[in-house]
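Asker: no letters, just coordinates:
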């Protein structure tokens, strides 16, 4: 990490608390809330994931595969209620079934988030059915 006056990080490179590498300033500032959330996933560091999400409604995009899929499973296992969103409805239904088989609950919302009209319909449907979302 480059250092400025008095040994402080320059405006270009900053290290968010808990992250062992320097990042460009804009990314570092955006990373701080994520690092704090992830710190809660490490046993003995910060609040547990369960205490952070239990009973909360959490909208998860890209949930039909990859990170979104894994995140929805993890949140449901911790007691959260994921609202799973992606274009592929069949994969979302399979994920919902997997979550329910594990004792959790999830709600499926198939939507193409590259289509602004579809986003408007998604928001109206989620608010109408859920009343709100605790975490995006």
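Answerer: Received, thanks. In this text, all values refer to a predicted model and were calculated from it rather than measured experimentally.

Asker: quickly list what residue 84 is bridged to.
Answerer: With DSSP bridges applied, residue 84 shows beta-bridge pairing to residue 60, residue 108.

Asker: for residue 48, see how far away it is.
Answerer: 22 Å (Cβ to Cβ, to the nearest Å). All C-beta atoms are positioned from the backbone trio N, CA, C, and that covers glycine.

Asker: the two: which is more packed in?
Answerer: Counted by other Cβ atoms under 10 Å, residue 84 and residue 48 do not tie: residue 84 has more neighbours, with 29 against 15.

Asker: low-confidence stretches in the chain?
Answerer: 1-47 (pLDDT under 70).

Asker: so which residues of it form strands?
Answerer: Using DSSP state E, the strands of the chain run over residues 13-14, 23-24, 57-61, 81-86, 107-110.

Asker: packing partners for the last one?
Answerer: For strand 107-110, the helices and strands in contact under the criterion 3 or more Cβ pairs under 8 Å, 6 or more residues apart in numbering; DSSP states H and E are strand 81-86, helix 89-101, helix 116-130.

Asker: who's in contact with that strand?
Answerer: 81-89, 92-93, 95-96, 122, 125-126, 129-130 (Cβ atoms under 8 Å, 6 or more residues apart in numbering).

Asker: if I look at residue 125, how far off is residue 59?
Answerer: 12 Å.

Asker: more neighbours, these two?
Answerer: Neighbour count, other Cβ under 10 Å: between residue 125 and residue 59, residue 59 has more, with 19 against 14.

Asker: in terms of contact, does that one touch residue 83 like I think?
Answerer: Yes: under the criterion of Cβ atoms under 8 Å, residue 59 makes contact with residue 83 at 4.6 Å.
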